[in-house]
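In: Below is the sequence, then the predicted model.
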Amino acid sequence: ASDKAENARILEQRTNFYRQFVKEGDVCFDVGANVGNRVQPLLNIGAKVVAVEPQESCYTILKEKFGNTISIVTKGLGAQEDKQTLYIANASTISSFSKDWIDSVKDDRFKDYNWNKTEEIEMTTLEKLIQEYSLPAFIKIDVEGYELEVLKGLESAIDTISFEYVVPEQTERAINCVERIVEIHPDTVFN
């Protein structure tokens, strides 16, 4: 019972957090949705969620959990439409298209994990998703070191973007993401 109460508390916290910049009816992109722990808070607000997840084990769970309440894109996102190698980890949350990111974290932070499987994944871009689903009010990007490549596929100014970054291993990558967002929208404010 305590796990259920804790999960409900976390869900409520996340929902309240996202209410700061997402309102009912907004389109939201969850890039690197994994199994959807950010999807439910957005649905609670009444947002229209587009979950982007290329790992079959994860998008199968998304389909089971959320059915037709969300749109699921089973591709990766990058700078252009092509195919990229996904390095699949023994923990789905750290699979990545970025060999550099894996190399920077595998000997320390994630030394107990491995990326022994690969799969060629069809890629698309944020702009292509915008053409298909409309301009989102919010984009969450959590793609284990591939955030800059995802942002390179964006040309439209977005109200709110949340991207994961890893420091100290990839501080420069985080700075490059900030610079890319400023290229798109020079008046951006960062928190």
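Out: Cool, got the structure. Residues are numbered from 1 along each chain as shown.
In: Contacts for the longest strand along the chain next, please.
Out: The strand that spans the most residues within the chain, counting by DSSP state E, is strand 117-124. Contact with strand 117-124 is made by 54, 73, 75-78, 80-88, 97, 153, as judged by CB atoms under 8 Å, 6 or more residues apart in numbering. No exception for glycine: its C-beta is placed from N, CA and C like everyone else's.
In: Buried among those? Make that a ChimeraX selection.
Out: Selection of the buried residues among the contacts of strand 117-124 in ChimeraX, burial being defined by 16 or more other CB atoms under 10 Å:
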select :54,73,75,76,77,78,84,86,87,88,97,153
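In: now, which of the contacts of strand 117-124 lie within strands?
Out: The strands, defined by DSSP E, take in 73, 76-77, 83-88 from the contacts of strand 117-124.
In: tell me which of those residues is nearest to residue 148?
Out: Residue 148 has its nearest neighbour among those in residue 77, at 11.4 Å by CB to CB.
In: Might you list the low-confidence residue ranges for this structure?
Out: Low-confidence segments of the chain, defined by pLDDT under 70, are located at 1.
In: which stretches of it form strands?
Out: In the chain, the strands defined using DSSP E lie at 27-31, 48-52, 71-73, 76-77, 83-88, 117-124, 138-141, 160-163.
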